[in-house]
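In: coordinates only, sequence not included:
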């Protein structure tokens with residue numbers, strides 16, 4: 001094996017690591033420990049552009065719009081309607097009654113992907129009948145502009161796996177058959193504002209403002225501990241005292257020095273931002289005190 005070939009391999013690895021570092025600096029996604037995975041995700045794009053990793057890095061520097069294409073390749077957008085049913089049950093039966101007298105309930109679906117999560121939240125709230133749907137404002141954000149286009153449209157093919165946990169009665173109540181798929185009804189769409197946002201960028205997060213409930217599920221698993229701490233700090237800042245944070249079941253704040261306390265429910269767990277006098281209690285706490293659950 002000649003020295004020139006070895007040099008090319010070494011340069012390839014260095015440039016790939018440089019790309020991973022740029023991605024980490026931009027949005028916190030950590031490919032530094034899995035460079036082969038990153039290479040597999042971007043190789044087709046580089047081949048189409050007829051570029052080396054070094055040339056592609058220069059392209060990203062000269063043409064920031066290329067980042068949109070790159071983000072589409074490196075983000076995971078697996079989602080479906082009514083995912084994590086146990087968490088939705090907690091929202092409906094435990095949390096919403098605590099906000100019954102609030103004129104405006106603000107919910108943030110961070111990393112909303114193609115929209116199934118925020119739409120599921122709106123449908124769950126509508127089904128509960130506990131608070132008027134018109135009092136709810138859901139802001140849904142993602143770093144992938146392509147999936148946001150799909151989410152804003154609110155149309156999904158009928159054979160899509162996104163409906164694998166959707167009961168027929170929910171399809172009938174909240175979707176309109178259209179072409180070869182289903183369109184979310186307008187009164188559900190009207191409760192949701194879709195926006196582009198990088199969770200590590202304060203400027204992107206400024207329009208979110210303060211929220212009462214935050215869903216960020218299956219996102220932190222792609223971050224290292226430092227990026228996770230930065231994101232959680234931003235969640236802390238944007239959540240109202242006594243507000244609730246839902247993460248994925250594989251994600252935890254255990255071992256982190258945060259302003260959140262863990263709420264253990266029967267089949268799930270989530271977090272509440274500490275408050276000196278939040279005036280809210282979990283259902284299990286209410287029952288233990290002899291109170292009556294709603």
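Out: Everything's here; your move. What you see is a predicted model; the values in this text were computed from it and never measured.

In: Spatially central residue in this structure, please.
Out: When Cα atoms, centre = their mean is applied to the chain, the residue found nearest the centroid is residue 111 (2.4 Å).

In: for the longest helix seen in the chain, which positions count as buried?
Out: Counting residues, the longest helix found in the chain (DSSP state H) is helix 3-27. Buried residues in helix 3-27, counted by 16 or more other Cβ atoms under 10 Å: 15-16, 19-20, 23-24, 26-27. For the C-beta atoms, the positions are set from N, CA and C on the backbone; glycine is no exception.

In: Please compute how far stretch 131-147 lies from its chain's middle.
Out: Averaging C-alpha coordinates over stretch 131-147 and over its chain gives two centres that are 11 Å apart (Cα atoms, centre = their mean, to the nearest Å).

In: Tell me how far residue 178 lies from residue 151.
Out: Applying Cβ to Cβ, to the nearest Å, the value for residue 178 to residue 151 is 16 Å.

In: Settle it for me: which of those two has more neighbours?
Out: Between residue 178 and residue 151, counted using other Cβ atoms under 10 Å, the more crowded position is residue 151 (25 against 12).

In: List the contacts of the more buried one.
Out: The contact partners of residue 151, taken as Cβ atoms under 8 Å, 6 or more residues apart in numbering, are 112-115, 118, 140, 142, 194.

In: at 6 Å what do you get?
Out: Residue 151 makes contact with 114-115, 194 under the criterion Cβ atoms under 6 Å, 6 or more residues apart in numbering.

In: Most neighbours among those residues, which one?
Out: Highest neighbour count within the contacts of residue 151: residue 115, with 28 neighbours (other Cβ under 10 Å).

In: Show me which helix or strand of this structure is least confident by mean pLDDT.
Out: helix 283-288 (a mean of 36; mean pLDDT, DSSP states H and E).

In: ok so, going back, just the contacts of residue 151 now: which is nearest residue 64?
Out: The shortest approach to residue 64 among the contacts of residue 151 belongs to residue 194, at 21.4 Å (Cβ to Cβ).

In: Was I right to think the closest one contacts residue 140?
Out: Yes. Look at residue 194 against residue 140 with Cβ atoms under 6 Å: they come within range, at 5.0 Å.

In: Now do the contacts for residue 268.
Out: 86-87 are the contacts of residue 268 under Cβ under 6 Å, 6+ apart.

In: any idea which element the closest residue to residue 124 other than its chain neighbours lies in?
Out: Closest residue to residue 124 in three dimensions, ignoring its sequence neighbours and counting by Cβ to Cβ, 6 or more residues apart in numbering: residue 88, at 4.9 Å. Under the criterion of DSSP states H and E, residue 88 resides in helix 85-90.
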